[in-house]
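1. Sequence first, predicted model second:
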Amino acid sequence: MEKPLDRASSQAEPDRPENSSPSLRASRHRVRDAVFACILCVMLCGPAVMLVAERVFDLQLPSWLTAEDAAFLSGTSNEIDLAGNASLDGFAAGSFQTSFDDAVGKCVPMKGTALMTTSAWQRGAIEASNALFRWPCFLTNYDSWIVAVPSEGRLLELPPSWSQETMDNMGRVAEALSTLSERHPNVQVKAYLAPDSQNASGVPTAGLLSNPLTYEQLREAFLAHADADLWVDGQVTHEEFLQKWYKSDHHWNVLGAFQAYQRIATSLGLEGELLQDRGTVTVEGPSFYGSLARRGLDDDCGDRVLDLAFDDFPTFSVQIDGTPADARELVEGPSSAVEWADNRHANRYSEYFHGDYGQITITNEESASENELVLVADSYSNCMERFLAAHYRTTYVIDLRHSSVVIDEFLDEHPEVTDVVYLMRRTNFLRKTSIVASE
């Protein structure tokens, strides 16, 4: 008699798939292994293929396919230089290996896309966990000091903590500017500390830290060592910050710059001659994903570059580091054809206005005054120096990050200078170069 198990086996036999034989399964595995091996080879050989394509055949590949986007995101150069460390000493010290690793990293295909995608995944996890805490802002990724503020659609920098060293440094800056003012009694000296996303009024990050450094603390430290006449207050309300600073960049936009110009010009006695704009102009061009977006690897919020229109504005002649330059190097102008870089993360702020130089000399032949201005500044002045320059025959814009000029000696060499303005954000205002160049 047939057993039930035998009967079940005989009945199931016709339903067995024909392709389930061992030889077919082995063939399928070989195909899978071959595909995986090909993908692995492409990944491993990608840097070499990219290097040959770009350096040997000079192929113009899209930036997203190369490591160019990653260079913009990290703020580093995409150039490769192994020759400087290609020696026995370099190999023994490990510098050649480090340079080689860096060179390979700069040839990884789609590196920028990988960085942005990984950051987005991490940000999603952080945002999901924030549902329990309901903080007004959260880090853009696990290794970031940039935070996203969903309710405001912007990015912010976490402020540093208060420290006595910072207070002492601010006091030394104040003493240096006081000394400069005393040495040149016929020159007005002013200090304008530009606020930013770390210390503007009402930024939500301040409530999440135990002892954040505030604008008011910096002001008090300065005024404890200098006369109030030297200080031009730059603090803004939270509403002004939201309107007059970029959402994805650490700079103010032209509205914040113009507000600073009005305050500085008024402190210099020019309140009766203030420029009158006729409205804001949105510059045609690609969206601006600034330094906060690059450093935070978060391009969810973008900006547009803004400018102001005027009915009558002086025509300047410009020198950059002693070399005559086109006035468009100072600012492109709303109606000009700007040559935007073909990269999503390019610095649109410097492309439209200008980059950082050691010294820019702006001459205003239309000025009825013979007075001259020295503007000691960082990149915050790039979009506003022309406003101040409209009131002077000559304006010298000096960036102490790129210049070894000693301001005291510069004033001795330029007796027509009547005003000196220090305009920087905190990080540059407290740099030792700012102090030394003023003593």
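-> Okay, I see it. Numbering: from 1, shown residues only.
2. for this structure, what are the low-confidence residue spans?
-> 1-22, 24-26, 40-72, 74-87, 89-91, 93, 96-97, 99-110, 334-336 (pLDDT under 70).
3. what domains does the record give for it?
-> 24-105, 115-155, 161-436 (automatic domain parsing).
4. which of the ones you listed is buried the deepest?
-> domain 161-436 (a mean of 18; mean count of other Cβ atoms under 10 Å). Glycine gets a C-beta too; all of them are placed from N, C-alpha and C.
5. what about that domain, how long is it end to end?
-> One end of domain 161-436 to the other measures 25 Å (Cα to Cα, to the nearest Å).
6. chain center to that domain, what's the gap?
-> Relative to its parent chain, domain 161-436 has a centroid offset of 15 Å by Cα atoms, centre = their mean, to the nearest Å.
7. what's next to stretch 286-293, contact-wise?
-> When contacts are defined by Cβ atoms under 8 Å, 6 or more residues apart in numbering, stretch 286-293 is touched by residues 75, 146, 155-157, 197, 246, 248-251, 298-299, 301-305, 340, 344-345, 347-349.
8. Ok, stretch 250-263 next?
-> 157, 192, 194, 196-197, 232-234, 236, 240, 243-246, 274-275, 277, 280, 290-292, 303, 305-308, 349, 379-380, 383-384, 387-388, 423, 425.
9. Tell me which of the residues you listed fall in helices.
-> Counting by DSSP state H, the part of the contacts of stretch 250-263 found in helices is Glu240, Gln243, Lys244, Ser291, Leu292, Tyr349, Phe387, Leu388.
10. And the residues you listed, which is closest to Leu209?
-> Leu209 lies nearest to Leu292 out of the ones in helices among the contacts of stretch 250-263, by Cβ to Cβ, at 17.6 Å.
11. Val374 belongs to a strand, doesn't it?
-> Yes - assessed with DSSP: H, G, I helix; E, B strand; the rest coil, Val374 lies in a strand.
12. Look up how far Val187 lies from it.
-> For Val374, the distance to Val187 (Cβ to Cβ, to the nearest Å) stands at 8 Å.
13. shared neighbours of these two, anything?
-> Leu411, Val417, Asp419, Val420.
14. just those now: which is nearest His402?
-> Nearest member of the shared contacts of Val374 and Val187 to His402, counting by Cβ to Cβ, is Val420, at 18.3 Å.
15. which ones are touching that closest one?
-> If you count contacts by Cβ under 8 Å, 6+ apart, then Val420 has Leu180, His184, Val187, Gln188, Val189, Lys190, Leu373, Val374, Val376, Ile407, Leu411 around it.
16. and those residues as TSV, adding distance to Cys137?
-> Output for the contacts of Val420, formatted as TSV (distance: Cβ to Cβ, whole Å):
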residue	distance to Cys137
Leu180	39
His184	45
Val187	43
Gln188	40
Val189	38
Lys190	34
Leu373	39
Val374	39
Val376	33
Ile407	39
Leu411	44
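17. where along this protein do the strands fall?
-> 138-139, 146-149, 154-157, 188-194, 280-282, 306-308, 316-320, 323-325, 359-364, 372-377, 394-398, 417-425 (DSSP state E).
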